[in-house]
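K.L.:
just to be clear, the model below is a prediction. Sequence and coordinates:
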Amino acid sequence: MNFDFAAAKASALTSLKSPLLELLLLGPSGAGKSYCIGTSKLKTLYIYFQRETHGPKTAAVEGKGDIVPICADHGIWPGEKVARAFTADETLQYLNALLISYDWIKSEGYKVVALDGIAALETIVKESAIWKKKCLTTKNTHNTFKESEATQEILGQVANCMKAVQRECQVHIIATAILDVKDIDSYGGITEAAPKLQGYGVCEAVVANFGDILVIGRMSRNNEAKWKFQSLMDVKKVSKDENGVIKKILNFSPRVSGIVLPPIMDADLSQIITLKESR
């Protein structure tokens with residue numbers, strides 16, 4: 001095979017210059033993650049789970065008619081007539097089919113595909129037969145040491161589907177995850193936190209799958225509280241051995257490619273998108 005260096009270089013430059021968000025949105029429960037999705041002011045395919053039924057309504061406060069919700073684990077299964085709860089394996093299949101519906105996503109004019117949220121999806125993954133099968137030993141017994149690898153693999157497949165829909169449909173992609181806040185300052189600024197994902201390896205894999213990361217939290221000053229993006233803290237996940245000794249530390253800071261984030265800014269994705277498009 002003759003390698004086409006010009007084509008490879010052109011493809012890489014196109015990817016590097018992309019104005020599209022590839023966003024992992026982190027924040028504690030009730031910190032405004034769902035609300036924030038609606039601030040893009042763009043038509044959004046809003047994928048959620050029954051555990052997060054408040055999400056679509058919250059996102060619609062700002063997004064209004066541009067938020068189009070689809071529940072990934074409850075609805076009318078293809079070929080059926082009555083809505084029902086999906087099994088964990090059906091949910092993963094349904095989610096995959098939804099994310100690869102490129103022609104439909106284009107025809108509907110979606111500009112954002114959002115998945116709210118990863119914590120609920122992680123629970124569903126661990127309830128699935130496919131996950132349990134990946135955790136079996138050669139003697140068909142459950143191997144707890146395979147759990148992290150199996151979870152990473154399945155969540156990674158979902159992340160790959162989101163990246164594929166971004167490439168094919170030229171949409172912003174957003175996934176939300178809960179942040180376990182350890183400490184805040186007197187104004188509500190987050191000073192210490194860790195993603196609430198089950199295990200170091202899973203957290204590391206999820207973070208690695210998104211080029212942009214924002215942390216949202218509720219801050220108050222002068223008797224007024226607002227949701228703010230915060231970028232000064234280091235978010236940290238620690239791996240310890242059975243004796244409590246730290247083996248590994250995953251440290252990362254909020255980041256958006258091509259943008260220097262201010263320490264604090266209004267939690268408005270339309271501003272972030274405008275900054276990315278103008279860089």
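P.N.:
Now that the structure is in, tell me what you want to look at.

K.L.:
contacts and neighbour counts: CA atoms only from here.
P.N.:
Fine.

K.L.:
give me the element the closest residue to G189 other than its chain neighbours is part of.
P.N.:
Nearest residue to G189, sequence neighbours excluded (Cα to Cα, 6 or more residues apart in numbering): M219, at 6.0 Å. According to DSSP states H and E, M219 maps onto strand 212-221.

K.L.:
ok, and what's touching that strand?
P.N.:
21-28, 31-33, 187-190, 225-231, 253-257, 267 (Cα atoms under 8 Å, 6 or more residues apart in numbering).

K.L.:
coming back round to it: relative to I190, how far out is the residue nearest to G189?
P.N.:
For M219, the distance to I190 (Cα to Cα, to the nearest Å) stands at 9 Å.

K.L.:
these two: which is more packed in?
P.N.:
I190 (25 against 21; other Cα atoms under 10 Å).

K.L.:
quick one, what contacts that one?
P.N.:
I190 touches V181, D183, I184, G217, Q230, M233, counting by Cα under 8 Å, 6+ apart.

K.L.:
show me which of the residues you listed is closest to K43.
P.N.:
Checking the contacts of I190 against K43 with Cα to Cα, the nearest one is G217 at 24.3 Å.

K.L.:
look up how far S128 lies from the closest one.
P.N.:
Shown here: G217 relative to S128, a distance of 32 Å by Cα to Cα.

K.L.:
I184 now?
P.N.:
As judged by Cα to Cα, I184 and S128 stand 37 Å apart.

K.L.:
ok, R167 next?
P.N.:
From R167 to S128 the distance is 28 Å (Cα to Cα).

K.L.:
likewise V171?
P.N.:
Counting by Cα to Cα - V171 and S128 are separated by 29 Å.

K.L.:
of those two, which one has the most company?
P.N.:
Shown here are V171 and S128; by other Cα under 10 Å, V171 has more neighbours (27 against 16).

K.L.:
which SSE is the residue nearest the centre of the chain in?
P.N.:
Nearest to the mean C-alpha position of the chain, by Cα atoms, centre = their mean, lies A175 at 2.0 Å. Per DSSP H and E: A175 is located in strand 172-184.

K.L.:
beta partners for H172?
P.N.:
According to DSSP bridges, the partner residues bridging H172 are V112.

K.L.:
got a list of what it touches?
P.N.:
L20, L21, E22, L23, K111, V112, V113, Q166.

K.L.:
pLDDT at it, what is it?
P.N.:
The model reports H172 with a pLDDT of 97.

K.L.:
over to L23?
P.N.:
97.

K.L.:
what about it, neighbour count?
P.N.:
Neighbours of L23 under the rule other Cα under 10 Å: 21.

K.L.:
what's the following helix or strand after the helix or strand containing it?
P.N.:
For L23, the host element (DSSP H and E) is strand 22-27. For strand 22-27, the succeeding helix or strand toward the C-terminus, using DSSP H and E, is helix 33-37.

K.L.:
just the angle for whichever helix or strand comes after the strand holding A175 relative to strand 172-184, thanks.
P.N.:
Reading on from strand 172-184 to the C-terminus, the next helix or strand found by DSSP H and E is strand 190-195. Angle, strand 190-195 to strand 172-184, by axes from the mean of the first three to the mean of the last three Cα atoms, to 10 degrees: 120 degrees.

K.L.:
can you show me the helices along this protein?
P.N.:
Secondary structure of the chain (DSSP state H): helices located at 5-16, 33-37, 54-63, 88-99, 102-107, 118-127, 129-134, 147-169, 200-208, 269-278.
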